[in-house]
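K.L.:
based on what follows, work out the 3D shape:
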Amino acid sequence: MKKHTPKSGGGFKGSVDLIGYQAMEVRDRWFMFKAKIHVTLKKVILDPQGTAVQKALLSMGYAGVEDVRLGKYMELRINSDDQALVEKQVQEMCQRLLVNPVIEEFTFEVEKL
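P.N.:
Numbering: from 1, shown residues only. Reported below is the predicted structural model:
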């Protein structure tokens, strides 16, 4: 573990940045979580890429392929001491940035590493 050297703060001789020590202590109790996010088009949205893949698979002899829907998969590694908070943050990330709610839907799971 890297040794933490306190910074002098406020320009006063001998002052120490205690916030750095507090953050270090809190971070020592944190865990690494992995969020696995699956994003797919909503069922009512046509998936032309999926259709193209399905046709290609059929032409290759895979006759049992009835439907193909393409999507995105993301993994996020997040440091935190609270899994419930991580789940809430991942939900917000998906709603605010990672997913287009007009045409996409998502599921995710969070696991402690």
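K.L.:
where along this protein do the strands fall?
P.N.:
Assigned by DSSP state E, the chain shows strands spanning 31-41, 71-80, 104-112.
K.L.:
given the last one, what are its sheet partners and their directions?
P.N.:
Right, strand 104-112. strand 31-41 (antiparallel) (DSSP bridges).
K.L.:
flag the shaky bits of this structure, pLDDT-wise.
P.N.:
Applying pLDDT under 70 to the chain flags residues 1-28.
K.L.:
list the contacts for the most centrally placed residue in it?
P.N.:
Against the mean C-alpha coordinate of the chain, by C-alpha atoms, centre = their mean, the closest residue is Leu76 at 3.3 Å. Contact analysis of Leu76 by C-beta atoms under 8 Å, 6 or more residues apart in numbering lists Lys34, Ala35, Ile37, Val90, Met93. Yep, even glycine has a C-beta here, placed from its N, CA and C like the rest.
K.L.:
do Gly50 as well
P.N.:
Asp67, Val68, Arg69, Leu70.
K.L.:
at 10 Å instead, please
P.N.:
Thr40, Leu41, Asp67, Val68, Arg69, Leu70, Gly71 (C-beta atoms under 10 Å, 6 or more residues apart in numbering).
K.L.:
buried members of those into PyMOL, please.
P.N.:
To isolate the buried ones among the contacts of Gly50 in PyMOL, judged by 16 or more other C-beta atoms under 10 Å, type:
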select buried, resi 40+41+68
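K.L.:
thank you kindly, that will do.
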